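*Asks:* Provided below for reference: sequence and predicted model.
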Amino acid sequence: MSAIEARGLRKVYRSRLGGRSVEALTGIDLRVEPGEVFGLLGPNGAGKTTTVKILLGLTHATSGEASIFGIPVGDPASRRRVGYLPEGHRFPGYLTARQTLMIFGRMSGVERADLRRRIPSLLDRVRLSDWADVRVKKFSKGMTQRLGLAAALVHEPDVLLLDEPTDGVDPVGRREIRDLLQEEAAKGRAVLLNSHLLSEVELICGRVAVLRKGSVAAEGQIQDLTTATSHYKLVASGVDDALLAQVRETGASVERVNGHFDLTARDVAHLNVVVDRLRARGASLKELTPLRSSLEDVFVELVSPSGTPDSTGRKASDR
Amino acid sequence: MRALTASIEEVFREAAARWTLIAYFTLSSLFILIFALAVNLDVVNGALAGAKLFGQTVEMGNRSIDIDRLVLGFESGFSGFLYLVGTFLALFATAHLVPRLQEKGTVDLYLSRPVGRVPLLLSRYCGGLLLAAANLVYLIGAIWLIIIWKTHVVHARFLLGGVTILFTIAVLLAFAFLIGVVTSSTGVSLMATYAVFFLAAILAAHDKIAAALSAEWAAKLVNGLYWVFPKTAELGRATVEQVSGGRAFHRVAVAQDLFAVYGSTALFGLAALAFSCWLFSRKDF
């Protein structure tokens, strides 16, 4: 059974006086499996937060279905197995870190005795042990964020929904949070990560969905989305301008860049033709590396107005 | 249940942290202390032979005042005072409960827990009401004990006054919750609730107001509003007369129809609470 499943989620926000309505989600499908770290990407207003809020029952879908481990999200019981870290969360400033975890743990149905045992190790895990009995209003943004993560984990959920979990956290803290999320995934927990930090997403997530204007513009394994292009980095000696001209005659594009060559071939067969020609003319090849597009490249291509997103929902891996 | 008790506990922690609870109880304690220390009565054979107020002897001439009547008079007057002040203070201390819950960045933390929206809202309502009840019990109970200590007169009826005050607070708090759900503003909730309190009190004279109106529809509107709104003036009177055991309470309870005062007021509160639950459960955050 999928940890998170959404089918045809659609959300239309209507203005109070019956004026303009905005379609925030146009019918998205989503599936996150246990043990998976899934990234939800998209520009502002793409529908990421709306999707997460529907999954948590904070917002009601106009149509479509969503469930957590098979329990419809409209049922509060579905949230028993969900830990949520909202963006810009505000814990009551008058509570200490320990009290915060105690209150929210109990609200998640955990017994006091269990919480007394669990909270110290959880605080230790997010490096807040020394701050356990300090009021939250004294916390820095990074500390609040780490407390938020602890609160999301306090009832040992099977699904984690995290909205910008490393927001305001220093680089060391970020790495710790990344490690923590990967540990959770290794325990079989499903993690849905909503973040703007593509480099982080690339480091943590196995699979991502890119939302654009309320629909899934692309979805797939990061490896597939950032698939190898027809661009290569070539390091070789014995290549002069005359040889470069001969390579270009094959239809390939080659440019000298900072001690190496940027080579573009049509396909693998064409690449082999280029390599044969270089070697036949005495060039010595030291390195030939396919260049992958970064997640950022893919993201920008998908969401920029000039980009050509697949609005039909066709997966990037299928392209 | 665990979740709901946690939510109620949080209401108390919040009240304490925001000084609301402390201010609420400090004011009450101050009143109790002043009463305990300032009033000294000399009771002889069931009659007041002498009295001192703030250390000053009260001139009584040669009159002998029946202590029982004196205490009853004080208790009745105090109940009337408490009805107004206690209700206003209680609303002031609890009207923020919904607007704060609905604040951006806060509501997500609560609603993402496995608690239904209606139980969550009701737990906060119960928390607010418990807070008000705790203060009423403290204030009325302490004053009652001091009266017994100073006069040896025991009027259990004095404690009854608190019941109607709490009932009024419960109804008005339900309305404050409704406005809180709609507007997410503590200020607007308070203003609207106080406005209902006073408007309802004015509508107690609906017969006279309607008679003075020339348009029939306006007269019907005034009479209609009277039945819709809580009967704040009648409840205030009922509080006083519950304590004094006066005939007027009997009149309120029987001649004017028990339902007219308590029933219609309870309906207003229940409708406000039900509507606020309905709206809260449908809201997108």
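*Replies:* Yes, it's here.

*Asks:* show me where chain B has strands.
*Replies:* For chain B, the strands defined by DSSP state E occupy B:39-44, B:47-53, B:56-57, B:65-66.

*Asks:* which one of the ones you listed lies nearest to chain A?
*Replies:* strand B:39-44 (37.7 Å; CB to the nearest CB). From N, CA and C alone the C-beta is placed, and that goes for glycine too.

*Asks:* packing partners for the closest one?
*Replies:* strand B:47-53, helix B:117-151 (3 or more CB pairs under 8 Å, 6 or more residues apart in numbering or on different chains; DSSP states H and E).

*Asks:* okay, now the unreliable bits of chain B?
*Replies:* Counting by pLDDT under 70, the ranges of chain B that qualify are B:45-49, B:53-55, B:58-64, B:246-257.

*Asks:* taking it, what residue is nearest to chain A?
*Replies:* Residue nearest to chain A within chain B: B:Ala17 (2.9 Å; CB to the nearest CB).

*Asks:* domain map for chain A?
*Replies:* Following automatic domain parsing, chain A resolves into domains at A:4-224, A:229-292.

*Asks:* pipe the strands of chain B into TSV and attach mean neighbour count per row.
*Replies:* Formatted as TSV, the strands of chain B follow (neighbours: other CB atoms under 10 Å in any protein chain shown):
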stretch	mean neighbour count
strand B:39-44	16
strand B:47-53	15
strand B:56-57	10
strand B:65-66	14
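
*Asks:* pick the most buried one from the helices and strands packed on strand B:39-44.
*Replies:* helix B:117-151 (a mean of 19; mean count of other CB atoms under 10 Å in any protein chain shown).

*Asks:* chain center to it, what's the gap?
*Replies:* Distance of helix B:117-151 from the chain centroid (CA atoms, centre = their mean, to the nearest Å) equals 10 Å.

*Asks:* now it and strand B:39-44, what's the angle there?
*Replies:* If you take axes from the mean of the first three to the mean of the last three CA atoms, to 10 degrees, helix B:117-151 sits at 50 degrees to strand B:39-44.

*Asks:* relative to chain B, which residue of the stretch 51-200 of chain A is the closest?
*Replies:* For the stretch 51-200 of chain A, CB to the nearest CB, closest residue to chain B: A:Tyr94, 2.9 Å.

*Asks:* so that residue sits in a helix?
*Replies:* No: under DSSP: H, G, I helix; E, B strand; the rest coil, A:Tyr94 sits outside any helix and is assigned coil.

*Asks:* for it, which non-adjacent residue is closest in space?
*Replies:* Leaving aside its sequence neighbours, A:Tyr94 sits nearest to B:Ala17 (CB to CB, 6 or more residues apart in numbering or on different chains; 2.9 Å).

*Asks:* re the thing from before, for the strands of chain B, which one sits closest to A:Val159?
*Replies:* strand B:39-44 (63.7 Å; CB to CB).

*Asks:* neighbouring strands for the closest one, and are they parallel or not?
*Replies:* Partner strands and pairing direction for strand B:39-44 (DSSP bridges) are strand B:47-53 (antiparallel).

*Asks:* let me see the contact set for the residue lying closest to B:Ala133 once chain neighbours are set aside.
*Replies:* Nearest non-adjacent residue to B:Ala133, counting by CB to CB, 6+ apart: B:Leu166, 5.6 Å away. Listed by CB atoms under 8 Å, 6 or more residues apart in numbering or on different chains, the contact partners of B:Leu166 are B:Leu129, B:Ala132, B:Ala133, B:Leu136.

*Asks:* remind me, longest helix of chain A?
*Replies:* Longest helix in chain A by number of residues, with DSSP state H as the criterion: helix A:171-186.

*Asks:* roughly how far is it from the heart of the chain?
*Replies:* In terms of CA atoms, centre = their mean, the centre of helix A:171-186 is found 14 Å from the chain centre.

*Asks:* now do whatever helix or strand comes next after that helix: which elements does it pack against?
*Replies:* The C-terminal neighbour of helix A:171-186 among helices and strands, as given by DSSP states H and E, is strand A:190-194. Helices and strands touching strand A:190-194, by 3+ CB pairs under 8 Å, 6+ apart, are strand A:37-41, helix A:48-55, strand A:159-163, helix A:171-186, helix A:198-204.

*Asks:* out of the ones you listed, which gets the lowest mean score?
*Replies:* Confidence, taken as mean pLDDT, is least for helix A:198-204 of the helices and strands packed on strand A:190-194 (a mean of 83).

*Asks:* which residue packs closest to B:Arg117, ignoring adjacent ones?
*Replies:* Sequence neighbours aside, B:Ser281 is the residue nearest to B:Arg117 in space, at 4.5 Å (criterion: CB to CB, 6+ apart).

*Asks:* which outside residues touch the lowest-mean-pLDDT helix or strand in chain A?
*Replies:* The weakest-scoring helix or strand in chain A, judged by mean pLDDT, DSSP states H and E, is helix A:295-303 (a mean of 76). Helix A:295-303 is contacted by residues A:41-43, A:46, A:198-199, A:201-202, A:208, A:210, A:212, A:217-218, A:222, A:225-226, A:293, A:307-309, A:316 when judged by CB under 8 Å, 6+ apart.
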